[in-house]
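# next input, structure requested:
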Amino acid sequence: MTWNNLPTELHLAVARFLPPQDTRALSRTSRSSYNLLVPQIFSDVTISSRSALRSFATHVPARYGTHIKCLSICTKPAERALVQEVDCTEDLATILATCSHLRSLSLSLAASLDASTITLVFASLTTVQKFEIGCWGQEETTPVSERIAVSLAASLPSLTHLTLSRVTRSALHVDNCSPPGVPLVLNDHDVPSHPILGEELCIPSLLKLPTLKSLDLRDVWIDCDENMSMQGKLAQLERVSLSGSMYRDGEVESKACLAWLRACGPVLRSFKTGIPLGESQPSTCLGKDRMAAEDESITSPLPILTDFHVDAERVALDDLLPMLNVLTACEIERITIVNAAMCTAQDAFTRECASDEFEDWQDTIEQFLTSNEWNSLKSVELNFGQGAQRLWSL
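As a prediction, this is how the structure comes out:
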């Protein structure tokens, strides 16, 4: 029996085990194989540059868009581009308009988008549950404004998981006393008002999205949120991750991180941070007061957490015990401390450093477990890579 004589079910079963390049090679063996494998070939699409985006929008038949379930797009310019490449909004809108079954969308932008055009298309993406948007270039020269990122996220009616990576805050939502050197977007006043959020297109407003379950802020400056306080109906957020920013002011960022934790609401169960937490009095600088609570003297309680994750690349060992002291009321069940860089390192020097740091962290955790009165705590996991791992089951 030849390949062509096999039933369709066997063809698809074989194709499911093939890597993408082999699937494409198989599709070129015959017209029937091509038609059979098109849905699989286009189910997960990666577009790696501005020129590739233009080529896809121009040459790929629109009917193939219905097969795309996961779409990742980077709009970086060509390596030897002689002229400034044109705005990519139209090409992006052309592709997205065909993706009627899209579930996951990732955008890494080398330049901003035309908000009026792209927002309308996003409102039609009713099946997208996971969205990631970030800046490919430099925040100082080609930023992605928080206003357009928030507007796009709020336009996705089924959004549950959102990641913002190196998204730049807008001067419209930050007071004039922001520290020098922190990049701000100045020309994003033309982003149209949103039906849900109105003009308040700042990152904390994401807490008002009704379907959102998970929020990840990577390398996003949050110091201006130190006085944030949310009112009204909030998202049912279950997981939040705040990595911190290179523009951080340690004390202010710590207060802002704690403000985020308080504002996330009682449903929150998992919190990951690369920012040390510390109790302090609220400041009157940086944050806009548009979302301030009516009675600022009332402090929202900390949520009850099941999982607390510490990014040991960004949080210093000396900050661990003070941070855990702040979180005593959270009744945490599981603490996970991971240094991802050391987990993936292979060279002998880094592995030796990981082993030394692991010993120091281990001693501090032992000290904490000996003196703490956390009746809710069930386990603590410490992971610095191979040979530097430990799990305490309580």
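
# and for residue 20, the neighbour number?
Burial measure for residue 20: 12 neighbouring residues, criterion other C-beta atoms under 10 Å. Bear in mind the C-beta positions are built from the backbone N, C-alpha and C, glycine included.

# where along the stretch 1-150 of the chain do the helices fall?
Under the criterion DSSP state H, counting those that start in this stretch, the stretch 1-150 of the chain contains helices at 8-15, 20-27, 31-41, 50-59, 89-96, 115-123, 146-155.

# check the stretch 251-394 of the chain too.
Using DSSP H, counting those that start in this stretch, helices in the stretch 251-394 of the chain cover 320-326, 340-344, 348-371.

# deepest of those, which one?
Ranked by average neighbour count under the criterion mean count of other C-beta atoms under 10 Å, the helices of the stretch 251-394 of the chain are headed by helix 320-326 at a mean of 17.

# what's in contact with that one?
With C-beta atoms under 8 Å, 6 or more residues apart in numbering as the contact definition, helix 320-326 has outside contacts at 258, 276-279, 310, 315, 335, 337, 361, 364-365, 367-368, 372.

# do stretch 327-345 as well
Residues from elsewhere that reach stretch 327-345 (C-beta under 8 Å, 6+ apart): 277, 301-313, 320, 324, 350-351, 353-354, 357, 361, 365, 374, 376-385, 388.

# residue 161 and residue 128 touch, don't they?
No. With contact defined as C-beta atoms under 8 Å, residue 161 does not reach residue 128; the gap is 9.9 Å.

# those two: which is more packed in?
A count of neighbours by other C-beta under 10 Å puts residue 128 above the other of residue 161 and residue 128, at 25 against 17.

# residues contacting that one?
Applying C-beta under 8 Å, 6+ apart to residue 128 gives the contacts 102, 103, 104, 105, 156, 158, 159.

# dump those into JSON lines; add neighbour count as well.
What follows is the contacts of residue 128, written out as JSON lines (neighbours: other C-beta atoms under 10 Å):
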{"residue": "102", "neighbour count": "24"}
{"residue": "103", "neighbour count": "16"}
{"residue": "104", "neighbour count": "17"}
{"residue": "105", "neighbour count": "23"}
{"residue": "156", "neighbour count": "24"}
{"residue": "158", "neighbour count": "12"}
{"residue": "159", "neighbour count": "25"}
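
# nearest to residue 166 among these?
When the contacts of residue 128 are compared for distance to residue 166 (C-beta to C-beta), residue 105 wins out at 17.3 Å.

# in the sheet, who's paired with the closest one?
Each beta-bridge partner of residue 105 is listed here, defined by DSSP bridges: residue 71, residue 131.

# wait, what's in contact with it?
Taking C-beta under 8 Å, 6+ apart as the test, what residue 105 contacts is 71, 72, 73, 96, 125, 128, 130, 131, 132.

# nearest to residue 217, of those?
Nearest to residue 217 out of those is residue 132 (C-beta to C-beta; 11.5 Å).

# am I right that that closest one is in contact with residue 167?
No. Under the contact definition of C-beta under 8 Å, residue 132 does not touch residue 167, with a separation of 10.5 Å.

# settle it for me: which of those two has more neighbours?
Remark: of residue 132 and residue 167, residue 167 carries more neighbours, 27 against 18, as counted by other C-beta under 10 Å.

# and residue 315, how many residues sit next to it?
Look at residue 315: counted by other C-beta under 10 Å, it has 19 neighbours.

# equivalent analysis for residue 147, please.
Residues lying near residue 147 (other C-beta under 10 Å) number 30.

# how about the contacts made by it?
Residues near residue 147 by C-beta under 8 Å, 6+ apart: 115, 170, 172, 173, 185, 188, 191, 201, 202.

# what about those, which are in helices?
For the contacts of residue 147, membership in helices holds for residue 115, with DSSP state H as the criterion.

# separation between residue 34 and residue 359?
Residue 34 sits at a distance of 58 Å from residue 359 (criterion: C-beta to C-beta, to the nearest Å).

# any idea what the residue nearest the centre of the chain is bridged to?
Centre of the chain computed as the mean C-alpha position; nearest residue by C-alpha atoms, centre = their mean is residue 163, 2.0 Å away. Residue 163 has these beta-bridge partners by DSSP bridges: residue 132, residue 216.

# give the contact list for it.
When the contact criterion is C-beta under 8 Å, 6+ apart, the partners of residue 163 are 131, 132, 133, 134, 215, 216, 217, 218.

# looking at these, spot the one nearest residue 90.
Using C-beta to C-beta, residue 133 is the member of those that lies nearest residue 90, at 18.1 Å.

# wait, doesn't that closest one sit right on residue 166?
No. With contacts counted by C-beta under 8 Å, residue 133 stays clear of residue 166, the gap being 9.8 Å.

# overlap in contacts of these two?
Common contacts of residue 133 and residue 166, defined by C-beta under 8 Å, 6+ apart, comprise residue 144.

# for residue 242, give me its contacts.
For residue 242, the contacting residues are 217, 220, 222, 257, 260, 272, 273, 274, 275, by C-beta under 8 Å, 6+ apart.

# what do you get for residue 213?
With contact set as C-beta under 8 Å, 6+ apart, residue 213 has these partners: 160, 161, 235, 236, 237, 238, 239.

# separation between the third one and residue 193?
For residue 235, the distance to residue 193 equals 20 Å [C-beta to C-beta].

# quick one: residue 203 from residue 337, how far?
Residue 203 sits 26 Å away from residue 337, taking C-beta to C-beta as the criterion.

# what distance separates the start and the end of stretch 44-52?
One end of stretch 44-52 to the other measures 15 Å (C-alpha to C-alpha, to the nearest Å).

# meant to ask about stretch 172-180, not that
Terminal residues of stretch 172-180 are spaced 16 Å apart (C-alpha to C-alpha).

# cool, stretch 122-138 as well?
Terminal residues of stretch 122-138 lie 25 Å apart, using C-alpha to C-alpha.

# buried residues, it. List them.
122, 125, 128, 129, 130, 131, 132, 133, 134, 135, 136, 137 (16 or more other C-beta atoms under 10 Å).
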